[in-house]
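Participant: make a model of this:
(chains A and B)
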Amino acid sequence: EVQLVESGGGLVQPGGSLRLSCAASGFSFSSYWMSWVRLSPGKGLECVANIKEDGSEKNYVDSVKGRFTISRDNAKNSVYLQMNSLRAEDTAVYYCVTTARGCENWGQGALVTVSS
Amino acid sequence: DVVVTQSPLSLPVTLGQPASISCRSSQSLVISGGLTYLSWFHQRPGQSPRRLINRVSNRDSGVPDRFSGSGSGTDFTLKISRVETEDVGVYYCMQGSHWPFTFGQGTRLEI
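Facilitator: Predicted structure coming up:
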């Protein structure tokens, strides 16, 4: 059974940083693109970033370019999202998702709240 | 960016009756090799989204056969043949053909 467990969410002030982690199990992690997708009341669902199986290719939505960094460690079956210079509009539930084009499996989500 | 537009945004239905949701994209979702990456998701209150349909019409494992997807190019439809209580929630379509991949606004189905 595919399991994706996010951690690292929380309350942060504008301009601050957070690092989300996602521990994956139940599938051949190193064979799959991985993605981060967020859900916010204002913008709905948004694909934030994705990363190729070997980490050689990464894509970001324009609104997070230069501020967020996606990475992975295939030895640890984990994917990460480093979020810097956080803004109020980054407030959302962040989901770790398998594959890129199809968003096949979703974690339970991590709530990130950016507020002073 | 590809804009994905769903309609209706709210869908009141009667148990046992059919339901249909439309999803339109601002450009064709057909990419090299003739593939079309259009997926449908269902999110129940307090839960993560669950994928129902991938690549327009392929039902995911465990998805009841009352759900079906169809369409091509820029125009797609999700149909529920007979709505059941467990089908309430929000339905989203998503295009995975052109980065950034984008979702529709969501359709809230209520009994």
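
Participant: list the contacts for residue 26?
Facilitator: Going with chain A. Residues near A:G26 by C-beta atoms under 8 Å, 6 or more residues apart in numbering or on different chains: A:1-3. Every C-beta, even on glycine, is put in place using the N, C-alpha and C of the backbone.

Participant: actually chain B
Facilitator: Counting by C-beta under 8 Å, 6+ apart, the residues that B:S26 touches are B:2-5, B:74.

Participant: now do 7 Å
Facilitator: Counting by C-beta atoms under 7 Å, 6 or more residues apart in numbering or on different chains, B:S26 touches B:2-3.

Participant: next: B:G96.
Facilitator: A:100-102, B:37, B:39.

Participant: show me which of those is closest to A:F29.
Facilitator: Relative to A:F29, the closest of these is A:A100; by C-beta to C-beta it sits at 14.1 Å.

Participant: tell me the backbone dihedrals of that closest one, please.
Facilitator: When quoted as degrees, to the nearest 10, the phi and psi of A:A100 stand at phi -120, psi -60.

Participant: kindly report the same for B:T85.
Facilitator: Backbone dihedrals for B:T85, given as degrees, to the nearest 10, come out at phi -60, psi -40.

Participant: how close does the one residue in chain B that gets nearest to chain A get to B:S48?
Facilitator: Residue of chain B nearest chain A, by C-beta to the nearest C-beta: B:G96 (3.2 Å). For B:G96, the distance to B:S48 (C-beta to C-beta, to the nearest Å) stands at 18 Å.

Participant: up against chain A, what does chain B have?
Facilitator: Residues of chain B that fall close to chain A, judged by C-beta under 7 Å from any C-beta of the partner chain: B:37, B:39, B:48-49, B:51, B:54, B:92, B:94, B:96, B:99-101, B:103, B:105-106.

Participant: and B:W40, which helix or strand is it part of?
Facilitator: Secondary structure assignment for B:W40, by DSSP states H and E: strand B:38-43.

Participant: relative to chain B, how far out is the residue lying closest to A:G42 once chain neighbours are set aside?
Facilitator: Among residues not flanking A:G42 along the chain, A:E89 sits closest, at 7.2 Å (C-beta to C-beta, 6 or more residues apart in numbering or on different chains). For A:E89, the distance to chain B equals 16 Å [C-beta to the nearest C-beta, to the nearest Å].

Participant: just to revisit the earlier point, in its sheet, what does the strand holding B:W40 sit against?
Facilitator: Sheet pairing for strand B:38-43, assigned by DSSP bridges, gives strand B:50-54 (antiparallel), strand B:89-95 (antiparallel).

Participant: quick one: average pLDDT of the longest one?
Facilitator: It refers to strand B:89-95. The average pLDDT within strand B:89-95 is 98.
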